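**Q** coords please:
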Amino acid sequence: MPNIALLNNVEHKDLRVITRRGARYGDRQMAAVTFPAEFRDVQACYPIVFRKTTDGLGFEPVALFGFHEEENLFLDGERWDAAYLPMMVERLPFLIGGSGSELMVHIDLDSPRVSRADGEAVFMPHGGNSDFLERNSSLLLAIHRGLQQTPALLAALLQHELLESFVLDVELNDGSQNRLAGFHTINEDKLAALGADAVAALHRAGHLQAIYMVLASLSNFRLLIDRKNAAHA
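**A** Alright, predicted model coming up:
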């Protein structure tokens, strides 16, 4: 259970954050939420798919790291073996919260990344923000703004019935069977059948590029399967 607190330089003056990667720091996760402004970077390394939100009422795009819960095929000891680290992973243990129109940085004090002896200092000795905190504050703001783009993209996908569920069955080199289910992707046939007006509207709204980034990312399933085979070897 997270222990979320508003970050301040009095109670948290000695806090440090461990930036190493690894399962013991919470990186053993199957997926992380992403957003349209990040799709270009994410699609270079990971499949982008859509999953139902926890309330079951909508969808959210995620970068996929494995085929089942608590599997991250990009973890190699204390190294994340990919050229790009998704923002929702990089920002941990920080979160952004609001009070009216003001956005403020929060921290999960129970995160295994939080320490008073190891890692990057959050505050300077005399109370000012460290460069590390400033970088993470900028990262949180980029995430906040990026997530605000997602509802419009999802509304457009649902309007044109472009989301479809899929099941991926994988037989590994050792003969074991693996199935990925419960996710959605872009229906390419319906996308190709859209009329010129609908395509132009998607383009004007900036959604068309995001859609094609999602489709381009699906080639990374082959790389994910290769990683799965290597892990089983």
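**Q** use CA for all of it now, contacts and neighbours both
**A** Will do.
**Q** beta partners for Gln177?
**A** Taking DSSP bridges as the rule, Gln177 bridges to Glu171.
**Q** Numbering from 897 from now on, please.
**A** Got it, first residue is 897 now, which makes that one Gln1073.
**Q** That one and Leu1114, how far apart?
**A** From Gln1073 across to Leu1114, the span is 20 Å (CA to CA, to the nearest Å).
**Q** More neighbours: which of these two?
**A** Between Gln1073 and Leu1114, counting by other CA atoms under 10 Å, Leu1114 is the more crowded of the two (17 against 10).
**Q** Just give the nearest non-adjacent residue to the more buried one, would you?
**A** Pro943 (5.0 Å; CA to CA, 6 or more residues apart in numbering).
**Q** In contact with the one you found, which residues?
**A** Counting by CA atoms under 8 Å, 6 or more residues apart in numbering, Pro943 touches Ala959, Leu960, Phe961, Val1110, Ser1113, Leu1114, Ser1115, Asn1116, Phe1117.
**Q** and it, what pLDDT?
**A** Residue-level confidence at Pro943 comes out at 98, pLDDT.
**Q** Could you measure from it over to Val1110?
**A** From Pro943 across to Val1110, the span is 7 Å (CA to CA).
**Q** cool, and Leu953?
**A** Leu953 is 21 Å from Val1110, by CA to CA.
**Q** So between the two, which is more surrounded?
**A** Legend: neighbour count by other CA under 10 Å for Leu953 and Val1110, higher for Val1110 (25 against 7).
**Q** Run a quick neighbour tally on Asp1085.
**A** When neighbours are counted by other CA under 10 Å, Asp1085 registers 9.
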